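K.L.:
Quick one, structure for this:
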Amino acid sequence: MQTSHSKSNVSESVLDIITALQNILARSRVTIPVLETPYSRFPKTDCSTVELEDQSVVNIIAERQQQLDAVLHEISGLEAVMDSVKNFHQQVVEKKEKIMQSMNLHKALVSALRRLPTEILTQIFNYCLPETKLLLPPSTLKAPMVLTRICRRWREVAVGMPNLWCRLYVEVNDRDWERAAFRYDLWFKRSCGHPLSLAFGCYHSTKLRSLLQPYATQITYLRVSVRPFQGGCPQLFVTDFPALQELAILGMTSPDIPTIAQSISRLPSTMRSLKVIDMKPLFDIECLSSFSPVWAHLTDVQIAVCHPNGILHLLRLCPNLSSSTLRIAFDQVEPLESFTHTKLQSLCITCDDLLTRPLSDLFNALSLPNLRALEARRNASWPHEDMKAFLARSKCPLKTLTVSCRVIITDAQREEYVSLIPSLEVIVDHSSR
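P.N.:
Model (predicted):
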């Protein structure tokens, strides 16, 4: 066992060696011998002279060989010493790294971060969560899992924060499912009954259904990716979640509508938001009606409809709607009946490129007395007079009117809008195509 005294002796020995080497190098000088001979001017040397004195040349060669052997011996010795010094240097570097590791460890024990109250640490952990609403698979390199790998106290604090464990993307894979299911179940347990936001792709999996069953009453947000498979689209088991408030469906196609509509029509009265995010299917009035009675409870809808009259029908089905993002795919043929929706505050309408007058039809038929934000995307033309009549008729507290960059609104038109609603701001969205 090394004592502090023996360690001190070792350090002194190292210093002695370094000092001795420095002294040797300071005194050492490499003397280059004089190698000039009468024959050094070769090839200008007279060959007949060399032949007469060939024995003298042979002696010079022998002398040079002796000098070369001596230098090679010196080089070999120096290389051996340099290897030893290099090895010795590596050992000292490793010693330095271990000392620094030990010092950093003990510094961490007395750092201000370790002395932070748990309340402050929990606030910091909350800010570590991704700001995006996109649900991603769990990763040991991202919060919250990375927070459990720093130290024991951080792990205890992170595991004891249920709100860190309320968002998750669940990937259903037959390969190594038992281990994955164990991790997911542990994640859900840490949520301690708090509302869960989940996303998954293989929605028809019996394994997934079994995994989620104990936590069914916690699931309030669900994003489902509909994946095609043999036998057609299965019925969603979203009705297993009695507290569900938001449902988003991706990858849905027109043939899937009847089966999925049956599931949606049985959603609980807690539902508030329904989004068909990629909006590939086009819903007509009959399809929209098949979703009843869930419409009555919704406050937010994102969906695609065939005609402007489908929008009016949707608004009639959703008396409590406060925000909506809609896509219109076809022009209206028949005139629209007038309709007033008293609760809609935010409306975003995307029109297909070839449509000529969908906004005109809507503005002429609609009255939205509570509208605060209106956005129109991908519109080739802008119905100024119809918009002005809509604002005058609705008498709404509109704050922002956002249009795509292809729409031209003149300064005179802006002034006319502002004369109707002084607080209105007209925004041209250059990202809207």
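
K.L.:
now for the strand or helix carrying F390, which elements pack on it?
P.N.:
Secondary-structure assignment from DSSP states H and E places F390 in helix 384-394. Other helices and strands packing on helix 384-394, by 3 or more CB pairs under 8 Å, 6 or more residues apart in numbering; DSSP states H and E, are helix 358-365, strand 366-367, helix 411-420. In this view, the C-beta of every residue, glycine as well, is placed from N, C-alpha and C.

K.L.:
List the contacts of the first one.
P.N.:
Helix 358-365 is contacted by residues 308, 311-312, 328, 331-332, 335-339, 349, 351, 376, 379, 382-383, 386-387, 389-390 when judged by CB atoms under 8 Å, 6 or more residues apart in numbering.

K.L.:
how about stretch 257-268: buried residues?
P.N.:
Burial within stretch 257-268, assessed by neighbour count using 16 or more other CB atoms under 10 Å, is assigned to 257, 260-261, 263-264, 267.

K.L.:
Sorry, wrong one. I was asking about stretch 400-416.
P.N.:
Of the residues in stretch 400-416, those buried under the neighbour-count criterion (16+ other CB under 10 Å) are 401-404, 406-407, 409, 413, 416.

K.L.:
Which single one of those residues is nearest to R153?
P.N.:
Top of the list for closeness to R153, among the buried residues of stretch 400-416 and by CB to CB, is T402 at 48.0 Å.

K.L.:
Tell me the spacing between that closest one and W382.
P.N.:
12 Å (CB to CB, to the nearest Å).

K.L.:
Give me the common contacts of those two.
P.N.:
A376.

K.L.:
Buried ones from the contacts of helix 358-365, can you make that a PyMOL selection?
P.N.:
Selecting only the buried entries of the contacts of helix 358-365 in PyMOL, with 16+ other CB under 10 Å as the criterion:
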select buried, resi 308+311+312+328+331+332+336+339+349+351+376+379+382+383+386+387+390
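
K.L.:
which one of the helices and strands packed on helix 384-394 lies closest to V276?
P.N.:
Closest approach to V276 among these is made by helix 358-365 (18.9 Å; CB to CB).

K.L.:
looking only at pLDDT, what's the mean for the closest one?
P.N.:
Mean pLDDT, taken over the full extent of helix 358-365, equals 84.

K.L.:
Measure how far that helix is from the centre of its chain, please.
P.N.:
Distance, stretch centre to chain centre, for helix 358-365: 39 Å (CA atoms, centre = their mean, to the nearest Å).

K.L.:
Using PDB, write out the CA atom coordinates for that helix.
P.N.:
Written as PDB, here are the backbone C-alpha positions of helix 358-365 (Å, rounded to 0.1, in the frame of the first residue of the first chain):
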ATOM      1  CA  PRO A 358     -65.500  28.800 -53.000                       C
ATOM      2  CA  LEU A 359     -64.700  31.800 -50.700                       C
ATOM      3  CA  SER A 360     -67.300  34.000 -52.500                       C
ATOM      4  CA  ASP A 361     -70.000  31.300 -51.900                       C
ATOM      5  CA  LEU A 362     -69.000  31.000 -48.200                       C
ATOM      6  CA  PHE A 363     -68.800  34.700 -47.500                       C
ATOM      7  CA  ASN A 364     -72.200  35.300 -49.100                       C
ATOM      8  CA  ALA A 365     -73.800  32.600 -47.000                       C
END
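
K.L.:
how far off helix 384-394 does that helix point, in degrees?
P.N.:
The directions of helix 358-365 and helix 384-394 differ by 30 degrees, with axes from the mean of the first three to the mean of the last three CA atoms, to 10 degrees as the criterion.
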